[in-house]
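In: Provide a 3D model corresponding to the input given below.
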Amino acid sequence: MNGQPENMSVSLYNAPSDFMLNITQETVLLRFADVLLMGAELGSSKSQEYLDMVRSRVNLHSIPVTSENIKSERRFELAFEGIHYYDLLRWGDAETEINKLKNIPVKNQNQNALYSTTFRTETNGFLPIPNSQILLSDGVLKQNAGWE
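Out: Presented below is the predicted three-dimensional model:
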């Protein structure tokens with residue numbers, strides 16, 4: 001409808017499992033693809049090689065190293081990993097991109113609704129520091145701007 005995907009959802013790590021006390025699987029904190037894309041973004045002499053390594057892993061052809069191509073590659077390669085918001089902040093694109101999120105049709109508990117959000121300029125994109133940590137710091141930490 002109107003060129004927008006419908007009936008889509010994200011389902012990561014959704015396999016049924018018992019809680020395990022002796023987990024032996026390592027937790028991924030930083031993926032190599034993220035490191036390669038950082039190198040490409042920083043303008044390394046090997047930027048093209050780094051971008052190609054990320055894309056060739058999933059059989060995608062080489063594309064020129066440009067700011068827009070790297071931004072796009074990070075968006076898709078690192079989707080649902082909690083990184084994109086901080087990329088937008090770093091690039092100075094957060095306010096523009098987040099303010100585009102207006103009247104997005106969603107279904108919640110079989111109820112149709114519209115979702116909208118805005119970028120809070122007074123926070124500069126920073127999240128609040130938990131009050132418990134401010135209290136524990138004995139006056140060293142101050143709340144981030146816009147969250148006082």
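
In: For the rest of this, base every contact and every neighbour count on C-alpha atoms.
Out: OK.

In: Against Val54, how distant is Thr27?
Out: With distances taken as Cα to Cα, to the nearest Å, Thr27 is found 21 Å from Val54.

In: Mind checking which of the two has more residues around it?
Out: Taking neighbours as other Cα atoms under 10 Å, Thr27 and Val54 compare with Val54 leading, 21 against 7.

In: need the contact list for that one.
Out: Val54 sits next to Ala33, Leu36, Leu37 when contact means Cα atoms under 8 Å, 6 or more residues apart in numbering.

In: Could you tell me how many residues sit around Phe80?
Out: 12.

In: did I read that right, it in a helix?
Out: No. Assigned with DSSP: H, G, I helix; E, B strand; the rest coil, Phe80 falls outside any helix and is coil.

In: per-residue pLDDT, it?
Out: Phe80 carries a pLDDT value of 91.

In: and what of Gln25?
Out: 72.

In: just Ala15 next, same as before
Out: 64.

In: Val35 too?
Out: 97.

In: Quick check: which element contains Val106?
Out: strand 104-108 (DSSP states H and E).

In: Show the contacting residues for Pro55.
Out: One correction, residue 55 is Arg, not Pro. His61, Ser62.

In: Would you tell me what the next helix or strand after the host helix or strand of it is?
Out: Using DSSP H and E, Arg55 sits within helix 47-56. Using DSSP H and E, the helix or strand that follows helix 47-56 in sequence is helix 67-77.

In: starting at the chain centroid, how far to the helix or strand following that next one?
Out: The helix or strand immediately downstream of helix 67-77 is helix 84-91, counting by DSSP H and E. Its chain's C-alpha centre and that of helix 84-91 lie 7 Å apart, by Cα atoms, centre = their mean, to the nearest Å.
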